[in-house]
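S.K.: With the input below, show me the fold.
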Amino acid sequence: MADEILSPDPLMIQESLEDWVMTKCENWRDNYESNYAFKFEEYYRLWRGQWDPADSERASERSRIISPALQQAVESNVAELEEATFGRGKWFDISDDVADKEKLDVQYLRNKLTEDFESCKVRKAVAECLINSAVFGTGIGEIILEEVKEMAPATQPIMDGGLTAVGVNITDRVVVKLKPVLPQNFLIDPVATSVEDAMGVAIDEFVSKHSVELLQEQGIYREGYVGSAPEDTDLEPDQDLTVYNDDKVRLTKYYGLVPRELLEEEGVDVETNSMYVEAIVVIANGGMLLKAEANPYMMQDRPVVAFPWDIVPSRFWGRGVCEKGYNSQKALDTELRARIDALALTIHPMLAIDATRLPRGAKPEVRPGKMILTNGDPREVLQPFNFGQVGQITFAQAQALQGMVQQATGAVDSAGIAGQVNGEATAAGISMSLGAIIKRHKRTLINFQQSFLLPFVTKAAHRYMQFDPENYPVADYKFNATSTLGIIAREYEVTQLVQLLQTMQQDSPLYPVMIQSIIDNMNLSNREELIATMQQAQQPNPEAQQMQQAVQQAQMEFQQSQTAALSAQAQESQARATKYAIEAQLAPEELEIDKINAITRNLQAGDQDDKEFERRIKIADALLKEKQIEGKRQDAPDNQRNEQPTTPNQRSVQPSVRQIGLVGEPGQGNGGSL
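M.R.: Numbers count the residues shown, from 1 in each chain. So this is what the prediction gives:
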């Protein structure tokens, strides 16, 4: 199927692999030079402060001054991102699987990667990529593998331990490095928006001749004579310098898709029948093939990472700080040059001279101590002359243009943005201005992390796993960026934390946490030591903790004893209430029994006893009512009970009751009169 789609071009049948690659690279370079090369060169000059005749806006300009506003904007933005990325020391992290109970492998991989990155100076390379991105709009880096010899001083016993030899242990291993790439040395498919979706990318640059010869000696590059490359100023980093042409080789490294047939013609084994194969092709001086192989990396990724400072839709090349502040910078330079040119006419003294009254051969120069000979009165021959004064409005215009540069680039210096950050506004206005600036920096930081930093760390870890499995465990790890806030953002956050701390009591549990957050955001040399001391101070003393536990236990026992006593009192009160309720229920029954006993004692048969019985019943009813009334008095409050009067009937009943009680008592006879 692939053979049917890829029909050979009759004009390109005899084309070799190096010709196919160089044709692609030349077409891509033509597109770059026609659209971006001139702009990028001017951005570079503005950032470096280098004057060029093409940068003049007026034909009458004589001054060559370049304002440092754009330089300050680039350095401020880059410094903010560098501080946010590397300010805490640990600039990446690895997330482990939740189900993985062994956490030491992740910690070991993170520490090992950090150690190797420091030894290979990765931080310096990343900082250079950030500078390139701010100036040209896109930061590009090449991930290269290099076999190095690690040397470490060591001792070894000899002569059966009698002597000790001092020497060096040499270990061969592969390391991963990051190499920054300038835009003029990078070629990409014009229709691509990223490295991954392009047909291929190429790095076209000059290298030292000896580096190529060493790789040929190691067998990495093919054997063959490599001469010096012809001069090409378009590839030089600084095109204003004198070019050195000796012992230089133009090396073109192509990473991308190539036709399978061309690759097989070079003796490369291809395991797929696809039309195109992902490969690496290295060509010297535009025609000598040094290397051709299928992609050797286990993840089949390209060893190039790139990110735009600010994204331009549907374009690979981004928008940098220089492009944002370009118009304001050009206007500011024009204003400053016009002022300086005007100062040359207004400050330096000039003379209007009557040339007919000067001696022959006189040189009318104006300088201290100069004597000018005249034929006649000098006051009539010589007259001072000037073109007026420089307008004061130019100073205000220059300041406004400088503010426009800062507004366009988002950079804040010690002067600040006029009226917003330099003290002319309120605290709320300053907070709003800094918040907007921080958001712009955070936006660029996230773009840098996701497009450049994390892909580089991931690709570097995969290469270490592939080529150095003894030191790097092979597993699927997820890398995260631990970048924090930059200088401006941290100062802004510290201010907010301090204001929040003033509204909080010192005994609040959040107070030490807020103090720790403030110290953590400050750029102190002993920050870690202060945080460790605070954390140690917050940990309780074991002896004090035991004493506190003993006091709490004693207090708990005391409370339990009080609860038990109150519970016993409640039970006693409940029992007493139950007893009183039962006695209240039994009182009427006792009265009935007493009534029956009083009525039925000492009665005999006969009419008189029946009458006596009826009379006793009436008296017992009266006595029962009296006791009921007395019970109600006892149940009533004391004030109501004292107010109840005693009736005469109750007094007459009481003796009768007592007399009735005497009837029938032992030793009293058979009765008597009431």
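S.K.: ok now stretch 615-631, how far from the chain's centre?
M.R.: Distance of stretch 615-631 from the chain centroid (CA atoms, centre = their mean, to the nearest Å) equals 97 Å.
S.K.: Can you show me the CA trace of that stretch as CSV?
M.R.: The C-alpha coordinates for stretch 615-631 follow below in CSV (Å, rounded to 0.1, in the frame of the first residue of the first chain):
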residue,chain,number,x,y,z
ARG,A,615,-73.5,7.9,115.7
ARG,A,616,-69.9,6.6,115.5
ILE,A,617,-70.1,6.4,111.7
LYS,A,618,-70.9,10.1,111.6
ILE,A,619,-68.2,11.0,113.9
ALA,A,620,-65.7,8.9,111.9
ASP,A,621,-66.8,10.6,108.7
ALA,A,622,-66.1,14.0,110.3
LEU,A,623,-62.7,12.8,111.6
LEU,A,624,-61.9,11.5,108.1
LYS,A,625,-62.7,14.9,106.5
GLU,A,626,-60.6,16.7,109.1
LYS,A,627,-57.6,14.5,108.3
GLN,A,628,-58.1,15.1,104.6
ILE,A,629,-58.2,18.9,105.1
GLU,A,630,-55.0,18.6,107.3
GLY,A,631,-53.3,16.7,104.5
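S.K.: Rounded mean pLDDT for it, please.
M.R.: When pLDDT is averaged over stretch 615-631, the result is 72.
S.K.: buried sites along it?
M.R.: With burial defined by 16 or more other CB atoms under 10 Å, the residues of stretch 615-631 counted as buried are 616, 619-620, 622-623, 626. Where you see a C-beta, it was placed from the backbone N, CA and C, and this is true even at glycine.
S.K.: Closest one of those to residue 340?
M.R.: residue 626 (129.4 Å; CB to CB).
S.K.: State whether that closest one is indeed within a helix.
M.R.: Yes. Assessed with DSSP: H, G, I helix; E, B strand; the rest coil, residue 626 lies in a helix.
S.K.: returning to that earlier point: which among the buried residues of stretch 615-631 gets closest to residue 400?
M.R.: Residue 400 lies nearest to residue 626 out of those, by CB to CB, at 113.3 Å.
S.K.: Now render the buried residues of stretch 615-631 as TSV, adding secondary structure and distance to residue 187.
M.R.: TSV is the format used below for the buried residues of stretch 615-631 (DSSP: H, G, I helix; E, B strand; the rest coil; distance: CB to CB, whole Å):
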residue	secondary structure	distance to residue 187
616	helix	137
619	helix	135
620	helix	131
622	helix	131
623	helix	130
626	helix	127
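S.K.: Out of those residues, which two sit at the greatest distance?
M.R.: Farthest pair in the buried residues of stretch 615-631 (CB to CB) is 616 and 626. Separation: 15.3 Å.
S.K.: which residue ranges form the strands in the stretch 1-150 of the chain?
M.R.: Taking DSSP state E, counting those that start in this stretch as the criterion, the stretch 1-150 of the chain carries its strands at 92-95, 138-158.
S.K.: Worst mean pLDDT among the ones you listed?
M.R.: Among the strands of the stretch 1-150 of the chain, strand 92-95 carries the lowest mean pLDDT, at a mean of 76.
S.K.: Give the partner strands of it in its sheet and their orientations.
M.R.: Using DSSP bridges, the strands paired with strand 92-95 are strand 478-481 (antiparallel).
S.K.: if you go through the stretch 301-450 of the chain in chain order, where are the strands?
M.R.: 304-308, 350-353, 382-385.
S.K.: Residue 455 touches residue 305, doesn't it?
M.R.: Yes. At 5.0 Å, residue 455 counts as touching residue 305 under the criterion of CB atoms under 8 Å.
S.K.: More neighbours: which of these two?
M.R.: The neighbour comparison of residue 455 against residue 305 (other CB atoms under 10 Å) goes to residue 305, with 25 against 21.
S.K.: Just want to check the distance between the more buried one and residue 107.
M.R.: According to CB to CB, to the nearest Å, residue 305 and residue 107 sit 25 Å apart.
S.K.: repeat for residue 138
M.R.: Residue 138 is 35 Å from residue 107, by CB to CB.
S.K.: Can you pick out the residue with more neighbours from the two?
M.R.: Ranked by neighbour count (other CB under 10 Å), residue 138 and residue 107 place residue 138 first, with 26 against 11.
S.K.: so what's that one bridging to?
M.R.: residue 308.
S.K.: distance of it from residue 305?
M.R.: Distance, residue 138 to residue 305, using CB to CB: 11 Å.
S.K.: Ok, residue 160 next?
M.R.: Per CB to CB, residue 160 is found 55 Å from residue 305.
S.K.: now residue 456
M.R.: Counting by CB to CB - residue 456 and residue 305 are separated by 5 Å.
S.K.: shared neighbours of those two, anything?
M.R.: Jointly contacting residue 456 and residue 305 under the rule CB atoms under 8 Å, 6 or more residues apart in numbering are 141, 143.
S.K.: Contacts only, for residue 333.
M.R.: By CB under 8 Å, 6+ apart, the contact set of residue 333 is 55, 57, 65-67.
S.K.: go with 7 Å
M.R.: Each residue near residue 333 by CB atoms under 7 Å, 6 or more residues apart in numbering is listed here: 66-67.
S.K.: Please, where are all the helices along the stretch 101-250 of the chain?
M.R.: Using DSSP state H, counting those that start in this stretch, the helices of the stretch 101-250 of the chain run over 104-119, 122-136, 209-218.
S.K.: Tabulate these (CSV), appending distance to residue 243 and mean pLDDT.
M.R.: What follows is the helices of the stretch 101-250 of the chain, written out as CSV (distance: least, CB to CB, whole Å; pLDDT from 0 to 100):
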stretch, distance to residue 243, mean pLDDT
helix 104-119, 34, 84
helix 122-136, 21, 93
helix 209-218, 15, 90
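S.K.: what's the most buried one of the ones you listed?
M.R.: Highest mean neighbour count of the helices of the stretch 101-250 of the chain: helix 122-136, a mean of 22 (counted as mean count of other CB atoms under 10 Å).
S.K.: Find the residues that touch each one of residue 138 and residue 305.
M.R.: Shared contacts of residue 138 and residue 305 (CB under 7 Å, 6+ apart): none.
S.K.: In stretch 381-396, which residues are buried?
M.R.: 381-382, 390.
S.K.: Out of the residues you listed, the closest to residue 469 would be?
M.R.: Relative to residue 469, the closest of the buried residues of stretch 381-396 is residue 390; by CB to CB it sits at 71.6 Å.
S.K.: So the closest one sits against residue 343, correct?
M.R.: Yes. Look at residue 390 against residue 343 with CB atoms under 7 Å: they come within range, at 6.0 Å.
S.K.: Surely residue 336 and residue 65 touch.
M.R.: Yes. If you go by CB under 7 Å, residue 336 and residue 65 touch, sitting 5.4 Å apart.
S.K.: Quick check on the two: which one has the bigger neighbour count.
M.R.: A count of neighbours by other CB under 10 Å puts residue 336 above the other of residue 336 and residue 65, at 19 against 13.
S.K.: can you pull the contacts of the more buried one?
M.R.: Residue 336 makes contacts with 65, 67, 398, as judged by CB under 7 Å, 6+ apart.
S.K.: From what I see, the second one and residue 334 are in contact.
M.R.: No. Proximity of residue 67 to residue 334 does not meet the contact threshold set by CB under 7 Å, at 9.9 Å.
S.K.: Out of these two, name the residue with the larger neighbour count.
M.R.: residue 67 (23 against 18).
S.K.: Lovely, talk soon.
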